[in-house]
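*Asks:* Sequence first, predicted coordinates after that:
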Amino acid sequence: MKVQPADVFRHADNIVTRKVMDETLLVPISGQLASMDNLYTLNETGAFIWQALDGSRSLAEISVMLEEQYDAPAEVIKADMLEIADGLVKAGLIALSVNS
Amino acid sequence: MKKNSDCFGGESNDIARYLAKAAEARVPLAVSFELTRRCSFCCVHCYLGDQECIRKQWQQELDTAAVIRLIDALAASGVLFLTLTGGDPMLRSDFLEIYRHSVRSGLLVTVFCNGSLVTDKIVSTFVEYPPRAVEVTLYGASQETFEAVTQTPGSFAACMKGVERLRQGKVRLRLKTMVLTVNQADLTMLWQQAEDMGVQFRHDCSIIPALCNGDNGNRSNAGDNLRDTLRFRLTPEQAAAADMSINKVREKLQERVCMAAPVEPSTKLYRCGAGKSSCHITPYGKMQPCLITLQPSIDISSGREAFQSAWQNISRLISEREAGADFLCNHCKDRSFCTGCPSNCAAETGNAEQAAVFYCQYADSRREGLKNFND
C-alpha cells in the first residue's frame, strides 16, 4: 500500500504508547509484533507525528502542523512525512482510519 | 526533520542504553513482583523457606485490586520491565487477570514459574499477549533427581508437561536450573536437553540460606534451621568444576574476564542495579531493594504515591550507602569471577560487608579452573 497525503491513519489497536524517562516508546502488546524485537523508540519528531495520527487528521494536515514546528521547506517536510507514515504502516503501527 | 530510520530504535540497541540512563536518572526501570511465596513444590534449597508455614500466610497477600493498583503505579512511574515471580505466581487464581493487565499497561513482562501449573488457558493468553519470556526451572533430568529436589511426587511429569505446552504454543521460553549436591550429575544432560529444544539455558550454583522473611517460621524446606539449605550446596571446588564442564559457561566467563575494564575501586557497598534502576515488591505490598535485600522494606500497598515515595527512599539509602573500610570485595582481584554480592553475604554471614567464605573460594576456584583450561 502506498500512502497518500489524503490518507487518515490511527494507531494500531495493539500498540501502547509509553513515556519512559523522557522518551516515547511504542510497545506492541499482542499479535506477531509483540516481541522485544519490536520495541519502538520515537524521537521528538516521531513523537509529534505519532500524537497527530489520531484518526482524524490527514497526512497533508499533519504536514502543515510540522511546517509550523520545523524550519524546513514544505516539499521536504511533505516527502519526509510520507516516508515516515509509510514506515509506520509497514511496521504495523498505524492503520487506515475507517472514517477516512 | 528526522526521517523514518531515525525515529525508531530496535530493542537490541536500546536495553543497555535504557538501563544506564535509568541508573543515572534513578528511574525504577525493572521491577520484580513476587505475587505469592506459595509454591506447589517444596524445594530443599529454596531461599523462601518453609512452604507449609508460607502457605498459611496466603490471606496476608495483596488482593487483586491492590495488585492492579500497584501495576498501574509501576506503569505511571516509568517501569518498563516487570518480572512476575513467586513462589509460583500461577498459584493465584487471578494470575491471568494480573498478567493481562500488566501487558496491556505496556509493561514488558517476564514470568518465573515452576512449569507445573501451566494450563492450556495460560498458554492461550501467552499466545494472545506474548510475554518477554517465561522462565522455568528444571530441577533434574529424571524424575528421581527432580523430585529429590522438589520433595513433591508428580512434580517432574507436571513440569515437563507444562514446558511442552509452552513449546507447543511457541511461547518464548527460557530454562534454568539450580545445581545442588543431589542433581549435579544431571547438569550436562539438562544443558543438552535445552539445546535439543532450541531453548536458552543457564545454571546457578549459589545456594543461600532461607531468608528471614517473617513468613516462614524461620525454617527452611530442608529442616528446622534457615541454614539447612546449605547442606545441598556444592563445595566451591565442585561448583567451579560444574561451571567449567559447560563450554558456554566457560566461554562466557572468559569473555567477562577479558571484557572487565580496570575500574577505580568503588567506595559504595552496592554496585548492582538495586535502588538505582530496579527494585522488588513482596506479596504483602512491601518494596525492598531486591529479592534478597530485605531492608529497607516500605509499605506501598496504597498505590502510586506510596510507590514513588518508597522508591525515592530506597534509591537514596541503597545507592548512596558507603562501604566500610573493612569491606574487601570492592578491591578484590577476583571480582570478575565472583557470583556473590553484599546481600548474598548478608544472608550467610549476617553482615552485608562481611564476605562469605564460599564466594571467595568459589571465585578462586573459577579463576584456577579457567587458567587450567587455558593452559
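*Replies:* It's in. Numbers count the residues shown, from 1 in each chain, chains lettered A, B, ... in the order given.

*Asks:* Could you pull up the residues touching the closest residue to chain A within the stretch 101-250 of chain B?
*Replies:* Distances between the stretch 101-250 of chain B and chain A by Cβ to the nearest Cβ are smallest at residue B:106, namely 3.5 Å. Any C-beta I mention is one placed from the backbone N, CA and C, and that applies to glycine too. Neighbour list for residue B:106: A:16, A:17, A:18, A:25, A:27, A:29, B:75 [criterion: Cβ atoms under 8 Å, 6 or more residues apart in numbering or on different chains].

*Asks:* which one is it nearest to, not counting chain neighbours?
*Replies:* residue A:16 (3.5 Å; Cβ to Cβ, 6 or more residues apart in numbering or on different chains).

*Asks:* who does the lowest-mean-pLDDT helix or strand in chain A pair up with?
*Replies:* Least confident helix or strand of chain A, by mean pLDDT, DSSP states H and E, is strand A:40-42 with a mean of 83. According to DSSP bridges, strand A:40-42 forms sheet pairs with strand A:23-28 (antiparallel).

*Asks:* So which residues make contact with the strand it pairs with?
*Replies:* The list of residues contacting strand A:23-28 from outside it, by Cβ under 8 Å, 6+ apart, reads A:12, A:14-19, A:34-35, A:38-42, A:46-47, A:50, A:92-93, B:80, B:106, B:108.

*Asks:* quick one, helices of the stretch 151-300 of chain B?
*Replies:* Using DSSP state H, counting those that start in this stretch, the helices of the stretch 151-300 of chain B run over B:155-168, B:187-197, B:236-244, B:247-259.

*Asks:* Leaving aside the residues adjacent along the chain, what's closest to the residue nearest the centre of chain A?
*Replies:* With distances taken as Cα atoms, centre = their mean, chain A has residue A:50 as the residue nearest its mean C-alpha position (4.0 Å). Leaving aside its sequence neighbours, residue A:50 sits nearest to residue A:42 (Cβ to Cβ, 6+ apart; 5.7 Å).

*Asks:* quick one: buried residues of stretch B:229-244?
*Replies:* Across stretch B:229-244, burial judged by 16 or more other Cβ atoms under 10 Å in any protein chain shown covers B:229-234, B:236, B:238-244.

*Asks:* returning to that earlier point: give me the three-state assignment for the residue of the stretch 101-250 of chain B closest to chain A.
*Replies:* On the three-state scheme (DSSP: H, G, I helix; E, B strand; the rest coil), residue B:106 is labelled coil.

*Asks:* So for it, what's the pLDDT?
*Replies:* pLDDT recorded at residue B:106 is 95.

*Asks:* now the one 4 residues further on
*Replies:* Reading off the per-residue confidence, residue B:110 sits at a pLDDT of 96.

*Asks:* For chain A, see how far away residue B:370 is.
*Replies:* Distance, residue B:370 to chain A, using Cβ to the nearest Cβ, to the nearest Å: 31 Å.

*Asks:* Could I get the full set of strands for chain A?
*Replies:* Counting by DSSP state E, residue ranges of the strands within chain A are A:9-11, A:15-20, A:23-28, A:40-42, A:94-96.
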